[in-house]
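S.K.: here is a sequence with its predicted model. Questions after.
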Amino acid sequence: MSSALRSVLRQSRRSPFARQARLASTSAKQVSLKDRVAELIPAEIENVKATRAEHGKKTFGPVLVDQLYGGMRGMPALIWDGSVLDAEEGIRFRGKTIPECQELLPKAPGGSEPLPEALFWLLLTGEAPTQEQVTALSRDWAARAAIPEFVEELLDRCPPTLHPMSQFSLAVTALNHDSAFAKAYAEGIPKKEYWKPVFEDCMDLIAKLPNIAGRIYRNVYGQGKLPTIDLERDYSWNLSTLLGFGDNANFVELMRLYLTIHSDHEGGNVSAHTGKLVGSALSDPFLAFGASLNGLAGPLHGLANQEVLLWLRKMQSKIGENASDEAVREYVWSTLQGGQVVPGYGHAVLRKTDPRYTAQREFALKHLPNDPLFKLVGQVYQIVPDILLAAGKAKNPWPNVDAHSGVLLTHYGLTQMQFYTVLFGVSRAFGVAAQLIWDRALGAPLERPKSYSTAAIQKMFKDKQ
């Protein structure tokens, strides 16, 4: 981690907002999520002003021409409050690691994984909610879960050959029909009030995603009539039930873990950045997140776990179950020598094993230790890093989150790989929505970075050493 980034992180942990976050869970007062955000906004506006006044004219790192041609890789360019991705530590949600979130955040009765509702509260406020606050949020989302009849008809008319992510994006975009923010903006709402209808839209967005995802799954894969949302159950239970897996308590626990760890991954990834960018144009959250989903659908972003699963199955079919380490090693080398990559290994930022991979591995060790594909995943984990280092193929030879998630879903019978990215999309809404709310609360401007042509770059450096 650069010294500049360490300085920024230290400064953020000293901020009034961060101090409020550390103290919040000790408060006996029970407030709604929207009321708590309203309480936090004035102090955070002052915090941002103070940060800009003190540090606004300081340089944050050089920009290299190679970064412009290389997709802006690693170039500091965004403010994203929900999470920070450290090359050594992995993701931190509002300063908390995944193990800390698993320990701190409220859980379902009898469950051991954090509730995604609690994670959303943390992303939005920097605070760990109480069990009562999480229960109230679960009920609020359940009460908002119904989707308009025309959106139901829109999905029902989609041919099953239309990719689930295309249907997902289509339905989310159509929810814009009832956007509270679009209506309020048209009526001339003051800028300082933008965040309030955006908050309502984001709550509606998250709440309706399980019904949309469930309808797509059942339409495409012939799973029958969609059950109703249970107003007394948590978000993951309802999502699992809509998909047809609600009677499997371990699958429901997996969904709680899956939605939590996939919810946010700082702002530079395609889906997060796209949502922030489109939202900066004051497009409502449904339009902004629909754009996020279109980015997430790309093979270089959301489809990686499918590629891992296909590679593992292909290996298993060739060398058999319970193959020796030597057989696995030979297959990995054959993959590399064939000009292909080992899917699920390496990451643009991380330089150690992804903590999200570790969390999933611990879940598997607890719930499915004898699953043949999980055993193969563990075997690959022991073998691949040394091979990648020897081959010079990766700065980071360690597994990322995608190296594991498909195996877990497959174990419980959710085998339709084209649907996996929809689940990823449900989760990613949490991080995008939290940032959209804060961007409007803090008056974030329209994004408009400067671009250059190749000729302009050549002219800029002509006759310079």
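M.R.: Arrived safely.
S.K.: show me the helices in the stretch 351-465 of the chain, by range?
M.R.: For the stretch 351-465 of the chain, applying DSSP state H, counting those that start in this stretch gives helices covering 355-367, 372-391, 402-411, 420-441, 454-460.
S.K.: right, so these: which one is the most enclosed?
M.R.: Of all the helices of the stretch 351-465 of the chain, helix 420-441 carries the top mean neighbour count, a mean of 26, counting by mean count of other Cβ atoms under 10 Å. Backbone N, C-alpha and C define where each C-beta goes, glycine included.
S.K.: would residue 91 count as being in a strand?
M.R.: Yes. Applying DSSP: H, G, I helix; E, B strand; the rest coil, one finds residue 91 inside a strand.
S.K.: identify the residues contacting it.
M.R.: Residue 91 sits next to 83, 84, 85, 97, 98, 261, 264, 265, 266, 355, 356 when contact means Cβ atoms under 8 Å, 6 or more residues apart in numbering.
S.K.: quick one: which of those has the most company?
M.R.: Using other Cβ atoms under 10 Å as the neighbour criterion, residue 264 leads the contacts of residue 91 with 31 neighbours.
S.K.: check contacts around the nearest residue to that one once chain neighbours are set aside.
M.R.: Spatial nearest neighbour of residue 264, chain neighbours left out: residue 431 (2.9 Å); criterion: Cβ to Cβ, 6 or more residues apart in numbering. By Cβ under 8 Å, 6+ apart, the contact list for residue 431 reads 82, 83, 123, 263, 264, 265, 272.
S.K.: swap the cut-off to 6 Å and go again
M.R.: If a contact means Cβ atoms under 6 Å, 6 or more residues apart in numbering, then residue 431 has 82, 263, 264 as its contacts.
S.K.: now do residue 463, the pLDDT please.
M.R.: For residue 463, the model assigns a pLDDT of 81.
S.K.: burial count for it?
M.R.: 5.
S.K.: returning to that earlier point: out of the helices of the stretch 351-465 of the chain, which gets nearest to residue 448?
M.R.: helix 420-441 (14.6 Å; Cβ to Cβ).
S.K.: now do that closest one and helix 402-411, the angle between them.
M.R.: Helix 420-441 runs at 120 degrees relative to helix 402-411, counting by axes from the mean of the first three to the mean of the last three Cα atoms, to 10 degrees.
S.K.: so residue 342 belongs to a helix, correct?
M.R.: No. According to three-state DSSP, residue 342 belongs to no helix; its state is coil.
S.K.: show me where pLDDT drops low in the protein?
M.R.: Within the chain, the stretches with pLDDT under 70 are 1-29, 348, 350, 393-394, 465.
S.K.: make JSON lines out of the helices of the stretch 351-465 of the chain and add distance to residue 151.
M.R.: JSON lines is the format used below for those (distance: least, Cβ to Cβ, whole Å):
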{"stretch": "helix 355-367", "distance to residue 151": "31"}
{"stretch": "helix 372-391", "distance to residue 151": "36"}
{"stretch": "helix 402-411", "distance to residue 151": "26"}
{"stretch": "helix 420-441", "distance to residue 151": "15"}
{"stretch": "helix 454-460", "distance to residue 151": "44"}
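S.K.: out of those helices, which gets nearest to residue 72?
M.R.: helix 454-460 (14.4 Å).
S.K.: elements contacting that closest one?
M.R.: Using 3 or more Cβ pairs under 6 Å, 6 or more residues apart in numbering; DSSP states H and E, no helix or strand is in contact with helix 454-460.
S.K.: chain center to it: distance?
M.R.: Distance, stretch centre to chain centre, for helix 454-460: 37 Å (Cα atoms, centre = their mean, to the nearest Å).
S.K.: can you list contacts of it?
M.R.: Residues contacting helix 454-460 (Cβ under 6 Å, 6+ apart): residue 65.
S.K.: likewise stretch 378-385?
M.R.: Residues outside stretch 378-385 that contact it (Cβ under 6 Å, 6+ apart) are 328, 329, 332, 342, 345, 397, 398, 399.
S.K.: stretch 95-105 too?
M.R.: 93, 114, 118, 128, 355, 359.
S.K.: give the other helices and strands that the helix or strand where residue 118 lies contacts.
M.R.: Using DSSP states H and E, residue 118 sits in helix 116-125. Judged by 3+ Cβ pairs under 6 Å, 6+ apart, helix 116-125 is in contact with helix 131-143, helix 249-261, helix 420-441.
S.K.: nearest to residue 281, out of these?
M.R.: Among the helices and strands packed on helix 116-125, helix 420-441 comes nearest to residue 281, with 11.2 Å by Cβ to Cβ.
S.K.: if we can go back for a sec, between the contacts of stretch 95-105, which is nearest residue 324?
M.R.: Nearest member of the contacts of stretch 95-105 to residue 324, counting by Cβ to Cβ, is residue 359, at 28.7 Å.
S.K.: could I get the contacts of stretch 378-385 as CSV with neighbour count and distance to residue 158?
M.R.: Below are the contacts of stretch 378-385 laid out as CSV (neighbours: other Cβ atoms under 10 Å; distance: Cβ to Cβ, whole Å):
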residue, neighbour count, distance to residue 158
328, 19, 41
329, 18, 45
332, 21, 39
342, 24, 35
345, 25, 35
397, 20, 41
398, 20, 39
399, 28, 35
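S.K.: from the residues you listed, pick the one nearest residue 461.
M.R.: Residue 461 lies nearest to residue 397 out of these, by Cβ to Cβ, at 35.0 Å.
S.K.: quick revisit: what's the closest of the helices of the stretch 351-465 of the chain to residue 43?
M.R.: Nearest to residue 43, of those and by Cβ to Cβ, is helix 420-441 at 11.4 Å.
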